[in-house]
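# Here is the input, now give the coordinates:
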Amino acid sequence: MKRRLLLFLPLIAFLGLAAFFYYRLGLDPSYRDSALIKRDFPAFSASTLKDPERRVDESLLKGEVTLVNVWGEWCPACKQEMPQLLDLADRGIRMVGVDYRDTREKGQQFLEEFGDPFELNIFDPDGDLGFDLGVYGAPETFLVDADGVIRYHHTGYIAPEDVRDVIVPEVEKWQ
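You can find the predicted model right below:
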């Protein structure tokens, strides 16, 4: 009896793994929960993109609801989402950029070409702040409340419908 059961064990294991992989294939690969939700924005000290002498830290994100957008000149999706970010800025939503794994010159050229919706840009050439945020690619956007706590995380490109259906309602919820 035990011997028969042992013969079926590999088949049962295979069917279990097949079911798990089938389930995972149906999930949206761009969606993932951030471990930083409900946590303070990570401590950092960095220069701004425009002024290498000006240092900013996480206190920059306190006092007002802020969208923090991680972008890079090398990122095609960042170019595609720029009209949506400009729209959000036109709506009066405060935005801070993180120029991620870029050169200062290329980052500034990008903003000149595609527009600059950001109050300021944090320069993160080595990706240290991005690493602390758990960024695995750009663009990624974080909503930070007035107390400096991360309340929402958007992975990937912000589409026009995301502005209307997700981003603006999230900002309004935390204002």
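# what residues are up against the closest residue to Phe123 other than its chain neighbours?
With sequence-adjacent residues excluded and distances taken as Cβ to Cβ, 6 or more residues apart in numbering, Phe123 is closest to Leu49, at 4.6 Å. Just so you know, the C-beta spots here come from the backbone N, C-alpha and C atoms, and that holds for glycine as well. By Cβ atoms under 8 Å, 6 or more residues apart in numbering, the contact set of Leu49 is 97, 99, 104, 107-108, 111, 120-123.
# What about those, which are in strands?
Members of the contacts of Leu49 lying in strands (criterion: DSSP state E): 97, 99, 120-123.
# can you list those in a markdown table and add neighbour count, distance to Val144 and pLDDT?
Shown next, in a markdown table, are these (neighbours: other Cβ atoms under 10 Å; distance: Cβ to Cβ, whole Å; pLDDT from 0 to 100):
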| residue | neighbour count | distance to Val144 | pLDDT |
| --- | --- | --- | --- |
| Gly97 | 27 | 13 | 98 |
| Asp99 | 28 | 17 | 98 |
| Leu120 | 16 | 14 | 97 |
| Asn121 | 26 | 15 | 98 |
| Ile122 | 23 | 13 | 98 |
| Phe123 | 25 | 18 | 98 |
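# Next, format those residues as a markdown table and append distance to Leu36.
What follows is the ones in strands among the contacts of Leu49, written out as a markdown table (distance: Cβ to Cβ, whole Å):
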| residue | distance to Leu36 |
| --- | --- |
| Gly97 | 18 |
| Asp99 | 20 |
| Leu120 | 21 |
| Asn121 | 20 |
| Ile122 | 16 |
| Phe123 | 21 |
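# if I look at the nearest residue to Gln175 once chain neighbours are set aside, how far off is Phe123?
Nearest residue to Gln175, sequence neighbours excluded (Cβ to Cβ, 6+ apart): Val65, at 5.2 Å. The spacing between Val65 and Phe123, counted by Cβ to Cβ, to the nearest Å, is 23 Å.
# Tell me who's in contact with Thr66.
Contact analysis of Thr66 by Cβ under 8 Å, 6+ apart lists 94-96, 143-144.
# Helix, strand or coil: sort out Met47 for me.
One thing to correct before we go on: residue 47 is Ser, not Met. What DSSP: H, G, I helix; E, B strand; the rest coil gives for Ser47 is strand.
# Is it bridged to anything, and to what?
Note on Ser47: beta-bridge partners Arg55, judged by DSSP bridges.
# That's all I had, so thanks and see you.
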